[in-house]
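**Student:** Need the 3D shape of this:
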Amino acid sequence: MEISSRQRFILRRLVQAHVELDQPVGSKWIAEQTGVPWGPSTVRAELARLEDAGLLEHPHTSAGRVPTDRGYRLYVDELLADRHLPVPRGRVELTAMRREVDEAMRATTEQLSQVTNLLALVTAPPIETATVHRVEVLLLQPQVAMVVVITSTGGVTKRVISYDEPVDSGLVAWAASYLNEELGNMDVGSRMLLARLNDPALSTAERDFLATLAPAFTELEQTAENNLFMDGAARLLSEHRFQELSQIAGLMEVLEHRRALLGVLRTSLTEPSVYLRIGEENPTPELQWVSIVAANYGLARRNLGAVSVIGPVRMDYPGAIGAVREAARELSRFVAEVYDE
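**Tutor:** Residues are numbered from 1 along each chain as shown. As a prediction, the model looks like this:
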């Protein structure tokens, strides 16, 4: 959309003021700001042209104007093109986390929500892309063993098994060696995986012991529904940020159906920079009252998931974009270190 440099300047000032003040912005207010060289009449004329272009609107009979979704889109596109985003107000720190990716993703959502005061979401890597990376079988007590299964995408399942009789420590050591040798790099959902656990060539004692460990592998497939981490719903719905109860009800319905959100966020994996949908740009009707900012994280040659925030159309876009990008970079560094171990 072609508009003059003066109109771009005035639009940028109006958007920033509306985000900060949460009220319509008038020409007199803009003209009085530092760095604005034009008088109220000139600003008023430019605001009228921006409104005719569909970038601004009057919410009521007040002389003030607010940005439309198209106005926010133009503002954000120029923000990204300038590549001069402010430093985020807070940082996402994962250095002190336990070496499990699910823990890091949970920490990312919590800290990102605190930094932005928005709803934060992180998608875990799709389970169907995972393979078995490492298996640990440990004897905790004479009659208690634990199996830990770690996937290539960082998924972890632990299962503690109690037995009626003391377990042979040699059998435990054999099981760890066998499982890593036979199941290493095998797809989590592979039928061959379960077949290896019940190989007829094994002794009865070996097959019986492996059968007690098998649930740890089947549980990996069942985690597919839990690969969306979310935090900050209360922040999103606070401070009267939504004007109509129907908007809140529609949003809550989407949040309860995680599959819909996962579908939306997984489309962000193909975006080279930032995935950003403003209001009516969202294909899901219940999300057309909000904006979504997302960035992907992962390894050098493979995206694993998305880091995102959801908030009202009137949001601090520079802050949200900067925070999401930083969180995605931090999470990428974290998973790279874990996978290299």
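**Student:** Settle this for me: E51 is touching H58, isn't it.
**Tutor:** Yes: between E51 and H58 a contact is recorded at 7.3 Å, counting by Cβ atoms under 8 Å. Where you see a C-beta, it was placed from the backbone N, CA and C, and this is true even at glycine.
**Student:** between the two, what contacts are shared?
**Tutor:** Common neighbours of E51 and H58, using Cβ atoms under 8 Å, 6 or more residues apart in numbering, are R65.
**Student:** Of all the residues in the helix or strand encompassing L331, which ones are buried?
**Tutor:** Mapping L331 onto the secondary structure by DSSP states H and E places it in helix 317-340. Neighbour counts over helix 317-340 (16 or more other Cβ atoms under 10 Å) mark 317-328, 330-332, 334-335, 338 as buried.
**Student:** Let me see the mean pLDDT of it.
**Tutor:** Per-residue pLDDT over helix 317-340 has a mean of 86.
**Student:** One more: stretch 120-134?
**Tutor:** Along stretch 120-134, the predicted confidence averages to a pLDDT of 78.
**Student:** Please save the CA atoms from the host helix or strand of R259 in CSV.
**Tutor:** Secondary structure assignment for R259, by DSSP H and E: helix 258-266. Listed next in CSV are the C-alpha coordinates belonging to helix 258-266 (Å, rounded to 0.1, in the frame of the first residue of the first chain):
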residue,chain,number,x,y,z
ARG,A,258,-5.6,-27.5,21.6
ARG,A,259,-5.6,-29.2,18.2
ALA,A,260,-6.9,-26.0,16.6
LEU,A,261,-4.1,-24.0,18.1
LEU,A,262,-1.5,-26.6,17.2
GLY,A,263,-2.7,-26.4,13.6
VAL,A,264,-2.4,-22.6,13.6
LEU,A,265,1.1,-22.6,15.2
ARG,A,266,2.5,-25.4,13.1
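**Student:** Quick check: phi and psi on the closest residue to A31 other than its chain neighbours?
**Tutor:** Closest residue to A31 apart from its sequence neighbours, by Cβ to Cβ, 6 or more residues apart in numbering: P40 at 4.4 Å. With angles defined as degrees, to the nearest 10, P40 sits at phi -60, psi -40.
**Student:** Could you give the number of residues near P40?
**Tutor:** Residues near P40, counting by other Cβ atoms under 10 Å, number 15.
**Student:** re the thing from before, which strands and helices lie in contact with the helix holding L331?
**Tutor:** helix 69-82, helix 101-116, strand 290-299, strand 302-312 (3 or more Cβ pairs under 8 Å, 6 or more residues apart in numbering; DSSP states H and E).
**Student:** would you list the ones you listed in JSON lines and tack on distance to S273 and mean pLDDT?
**Tutor:** What follows is the helices and strands packed on helix 317-340, written out as JSON lines (distance: least, Cβ to Cβ, whole Å; pLDDT from 0 to 100):
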{"stretch": "helix 69-82", "distance to S273": "7", "mean pLDDT": "90"}
{"stretch": "helix 101-116", "distance to S273": "18", "mean pLDDT": "86"}
{"stretch": "strand 290-299", "distance to S273": "8", "mean pLDDT": "90"}
{"stretch": "strand 302-312", "distance to S273": "12", "mean pLDDT": "88"}
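**Student:** Dump the ones you listed into a markdown table; add distance to T212 as well.
**Tutor:** Formatted as a markdown table, the helices and strands packed on helix 317-340 follow (distance: least, Cβ to Cβ, whole Å):
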| stretch | distance to T212 |
| --- | --- |
| helix 69-82 | 54 |
| helix 101-116 | 24 |
| strand 290-299 | 34 |
| strand 302-312 | 31 |
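**Student:** So for G279, which of those sits nearest?
**Tutor:** Within the helices and strands packed on helix 317-340, the stretch nearest G279 is helix 69-82; the backing value is 3.8 Å (Cβ to Cβ).
**Student:** Please spell out which residues along that closest one are buried.
**Tutor:** Applying a neighbour-count criterion of 16+ other Cβ under 10 Å, the buried positions in helix 69-82 are D69, R70, G71, Y72, R73, L74, Y75, V76, L79.
**Student:** Could you list the residues in contact with that helix?
**Tutor:** 1, 3, 8, 11-12, 15, 50, 54-56, 67, 85, 273-274, 276, 278-281, 291, 313, 317-318, 321.
**Student:** that older thread, tell me the contacts of the residue nearest to A31?
**Tutor:** Shown here is P40, whose contacts under the criterion Cβ under 8 Å, 6+ apart are S27, K28, A31.
**Student:** Repeat that for V149.
**Tutor:** V149 makes contact with V132, R134, V135, V156, T157, A216, F217, L220 under the criterion Cβ under 8 Å, 6+ apart.
**Student:** just those now: which is nearest N296?
**Tutor:** Proximity of the contacts of V149 to N296 was ranked by Cβ to Cβ; the top entry is V156 with 21.6 Å.
**Student:** Would you check that the closest one makes contact with V147?
**Tutor:** No: counting by Cβ under 8 Å, V147 is not a contact partner of V156; they are 11.3 Å apart.
**Student:** more neighbours, the two?
**Tutor:** Neighbours around V156 and V147, counted as other Cβ under 10 Å, are more numerous at V147. The numbers are 24 against 18.
**Student:** and the helix or strand harbouring that one with helix 317-340, angle?
**Tutor:** With elements taken from DSSP H and E, the one containing V147 is strand 144-151. Orientation check (axes from the mean of the first three to the mean of the last three Cα atoms, to 10 degrees): strand 144-151 against helix 317-340 gives 120 degrees.
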